[in-house]
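Asks: Any chance you could fold what I've pasted below:
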Amino acid sequence: MLGLALAHKLEQPRREITVLEASDRFGGLADAWTVGPVTWDRHYHVTLMSDLHMRGLLKDIGLDGELNWRTTRTDFYENGRFHPLNNAIDFLRFPPLGLIDKARLAFTILYASRLKNGVALESIPVAEWLTKLSGKRTYERIWKPLLRAKLGDNYKIVSASFIWSVINRFYSARRAGIEKEMFGYVTGGYERIVNTFVADLETRGVICRENQPVLDIAQGPDGISVRTPAGTETFDRVIVTAPGDIAARMCSALAQSERERLAALRYQGVVCASVVLKKPLRGRYLTYVADETIPFTGVIEMTAVVDRETFNGLSLVYLPHYLPADHPLFDEKEEVLRERCISNLRRMYPHIADDDVVAFRVSRARNVMAVQALNYSKAVPPMHTSVEGLHIVNSAQIINGNLNVDETIALAERAARDLDALTAPSTTVCGAACGDEAMPIAAE
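Replies: So this is what the prediction gives:
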């Protein structure tokens, strides 16, 4: 989505733009796939009412009228029990915390929501900051499971700016005057969004090429040369949107120090199972899992947002497990993951039987988002490199933000404003990874 969004913002008359994608489809982590009888997003995505950048893009490509809005509910699973977390009454009744703990938790959220930016929090470990504000018991019972749900073991090295960004996104709706937050999806899912987006770009003269893994980017006498299996082309400017380690391998034109800085970025990955069921679970879009013996960190019941009739009465559930990019689970056999996921899903939801499982499929993505460790902004690679005409724009540059499609579009808008005055007549956006690994963009 980042490469397409950059092309969208940079496109203008007399400017030739080419987008190269390594895989056989555009979209990165926002692409679609088929799980048994169901075709939908490969990873779970929703649009918030406060996601103004994404909503603006949908308007640009004529899909804003296709947004369907739903109110949703959230559960917290601990010690074999589900606890609702949807309103002030649920919060006051929340059994894992005492009254003082709840007061400190409420103060933490309110305090974080009032901070204008998270830069000052970059030097503070998230565990230290949350423990100081909320107390050790609240951290262990609430914050730690929530951090694990999104960061896996990387929560141990993340700065407090991460949790600030999560809280800030939640409260942005209220600051925008939206009284009740709702989740939305476009009819047809991200498959329709991406296909419509690509068609719109091509109508306006942008060249979009799939199956074009970039093997090397070098500086030539007439510009920047880009080598793919199809051959070598020269462009006035090249914008690389691949993750840091892939960009480092791709860009031989860069100085060694620049490549080392890119390669040093640490990424968070995800192993995410899509499960198609005959029955619904509990009708909650999101269930945080605080039980560390369960091999997934959350349960996303997509059909709590998307009408089940979209899937002929079936339910679609995602079981994500966020992990460091080098975790051995990425190499686990799918049948092993299936047995582990389904047995624990049935443990949580005993009314689900083995024959209720219609289909199961696992997506593995090692480079979902850069881990915002201490003093992260100092490690972020700059957009402009030492090579004239070669630029790096990737999700690692989302600083003090929570990676999602809306933030990705916002990054493209910021980058386009910066690059617009510099961009020459021919530009390529290399949103492709080396080899056969597609570039992941955003998982929400």
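Asks: What are the buried residues along stretch 225-242?
Replies: Judged by neighbour count using 16 or more other CB atoms under 10 Å, the buried positions of stretch 225-242 are 225-226, 228, 233, 235-242. Quick note: C-beta positions are derived from backbone N, CA and C, even for glycine.
Asks: hmm, I was thinking of stretch 23-38
Replies: Quick answer for stretch 23-38 (16+ other CB under 10 Å): 23, 25-32, 35, 38.
Asks: then that stretch to PDB, C-alphas only?
Replies: What follows is stretch 23-38 as a C-alpha-only set of coordinates in PDB (Å, rounded to 0.1, in the frame of the first residue of the first chain):
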ATOM      1  CA  SER A  23       4.900 -10.700  -5.600                       C
ATOM      2  CA  ASP A  24       2.100 -11.700  -8.000                       C
ATOM      3  CA  ARG A  25      -0.300  -9.200  -6.300                       C
ATOM      4  CA  PHE A  26      -0.200  -5.700  -4.900                       C
ATOM      5  CA  GLY A  27      -1.000  -4.800  -1.300                       C
ATOM      6  CA  GLY A  28       1.600  -6.400   0.900                       C
ATOM      7  CA  LEU A  29       0.000  -7.400   4.100                       C
ATOM      8  CA  ALA A  30      -3.200  -5.700   2.900                       C
ATOM      9  CA  ASP A  31      -3.700  -8.300   0.100                       C
ATOM     10  CA  ALA A  32      -6.300 -11.000   0.000                       C
ATOM     11  CA  TRP A  33      -6.200 -14.700  -0.200                       C
ATOM     12  CA  THR A  34      -8.500 -17.700  -0.200                       C
ATOM     13  CA  VAL A  35      -9.100 -20.000   2.900                       C
ATOM     14  CA  GLY A  36     -11.400 -22.800   1.900                       C
ATOM     15  CA  PRO A  37     -14.600 -21.300   0.600                       C
ATOM     16  CA  VAL A  38     -13.800 -17.800   1.800                       C
END
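Asks: follow-up on the earlier one: among the buried residues of stretch 225-242, which are in strands?
Replies: 225-226, 228, 233, 235, 237-240 (DSSP state E).
Asks: in the chain, which segments are predicted with low confidence?
Replies: Counting by pLDDT under 70, the chain has low-confidence residues at 170-181, 421-428, 430-444.
Asks: out of all of them, which strand in it is the longest?
Replies: Every strand in the chain considered (DSSP E), the longest is strand 357-370.
Asks: Tell me the helices and strands packed up against the helix or strand that that strand is followed by.
Replies: Next in sequence after strand 357-370, counting helices and strands by DSSP states H and E, comes strand 390-392. Helices and strands touching strand 390-392, by 3 or more CB pairs under 8 Å, 6 or more residues apart in numbering; DSSP states H and E, are strand 237-240.
Asks: could you say what helices and strands the helix or strand following the strand it packs on packs with?
Replies: As assigned by DSSP H and E, the chain's next helix or strand after strand 237-240 is helix 244-250. Counting contacts by 3+ CB pairs under 8 Å, 6+ apart, helix 244-250 is packed against helix 256-263, strand 357-370.
Asks: in helix 244-250, what's buried?
Replies: Neighbour counts over helix 244-250 (16+ other CB under 10 Å) mark 244-250 as buried.
Asks: what's in contact with it?
Replies: 214-217, 240, 242, 254, 259-260, 262-265, 267, 367, 370, 381, 392, 394, 396, 430, 433-434, 437, 439 (CB atoms under 8 Å, 6 or more residues apart in numbering).
Asks: picking that back up, among the ones in strands among the buried residues of stretch 225-242, which two are most distant?
Replies: Within those, 228 and 237 form the most distant pair, 17.1 Å apart (CB to CB).
Asks: rewinding a little: let me have the buried residues of stretch 225-242 in CSV, adding distance to residue 196 as columns.
Replies: Converted to CSV, the buried residues of stretch 225-242 look like this (distance: CB to CB, whole Å):
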residue, distance to residue 196
225, 32
226, 27
228, 26
233, 27
235, 26
236, 29
237, 27
238, 26
239, 22
240, 25
241, 20
242, 24
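Asks: Most widely separated two among these?
Replies: Every pair of the buried residues of stretch 225-242 checked by CB to CB; the farthest is 236 and 242, at 19.8 Å.
Asks: does residue 299 count as helix, strand or coil?
Replies: strand (DSSP: H, G, I helix; E, B strand; the rest coil).
Asks: how close does it get to residue 272?
Replies: 12 Å (CB to CB, to the nearest Å).
Asks: how about the strands in the stretch 301-444 of the chain?
Replies: Ranges of strands in the stretch 301-444 of the chain, per DSSP state E, counting those that start in this stretch, are 315-324, 357-370, 390-392, 426-430.
Asks: possible to save those as JSON lines with mean neighbour count and distance to residue 164?
Replies: Formatted as JSON lines, the strands of the stretch 301-444 of the chain follow (neighbours: other CB atoms under 10 Å; distance: least, CB to CB, whole Å):
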{"stretch": "strand 315-324", "mean neighbour count": "24", "distance to residue 164": "19"}
{"stretch": "strand 357-370", "mean neighbour count": "21", "distance to residue 164": "16"}
{"stretch": "strand 390-392", "mean neighbour count": "24", "distance to residue 164": "25"}
{"stretch": "strand 426-430", "mean neighbour count": "26", "distance to residue 164": "31"}
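Asks: between the ones you listed, which gets nearest to residue 120?
Replies: Evaluated over those, closeness to residue 120 peaks at strand 357-370, with 19.9 Å, by CB to CB.
Asks: other SSEs contacting the closest one?
Replies: On a contact count with 3+ CB pairs under 8 Å, 6+ apart, strand 357-370 meets strand 32-35, helix 244-250, strand 267-277, helix 334-348.
Asks: Make TSV out of those and add distance to residue 156.
Replies: Shown next, in TSV, are the helices and strands packed on strand 357-370 (distance: least, CB to CB, whole Å):
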stretch	distance to residue 156
strand 32-35	32
helix 244-250	21
strand 267-277	12
helix 334-348	24
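Asks: For residue 164, find the nearest of these.
Replies: Nearest of the helices and strands packed on strand 357-370 (CB to CB): strand 267-277, 17.3 Å.
Asks: What strands flank that closest one, and is each parallel or antiparallel?
Replies: strand 315-324 (antiparallel), strand 357-370 (antiparallel) (DSSP bridges).
Asks: Run the chain-centre distance for it.
Replies: Relative to its parent chain, strand 267-277 has a centroid offset of 12 Å by CA atoms, centre = their mean, to the nearest Å.
Asks: Pull stretch 70-77 out as PDB, backbone CA atoms only.
Replies: C-alpha atoms of stretch 70-77 as PDB (Å, rounded to 0.1, in the frame of the first residue of the first chain):
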ATOM      1  CA  ARG A  70     -20.300  -1.400  12.900                       C
ATOM      2  CA  THR A  71     -20.100  -1.000  16.700                       C
ATOM      3  CA  THR A  72     -18.000  -3.800  18.200                       C
ATOM      4  CA  ARG A  73     -17.300  -5.400  21.500                       C
ATOM      5  CA  THR A  74     -14.100  -6.500  23.200                       C
ATOM      6  CA  ASP A  75     -13.200  -9.300  25.600                       C
ATOM      7  CA  PHE A  76     -10.300  -9.900  27.900                       C
ATOM      8  CA  TYR A  77      -9.500 -13.600  28.500                       C
END
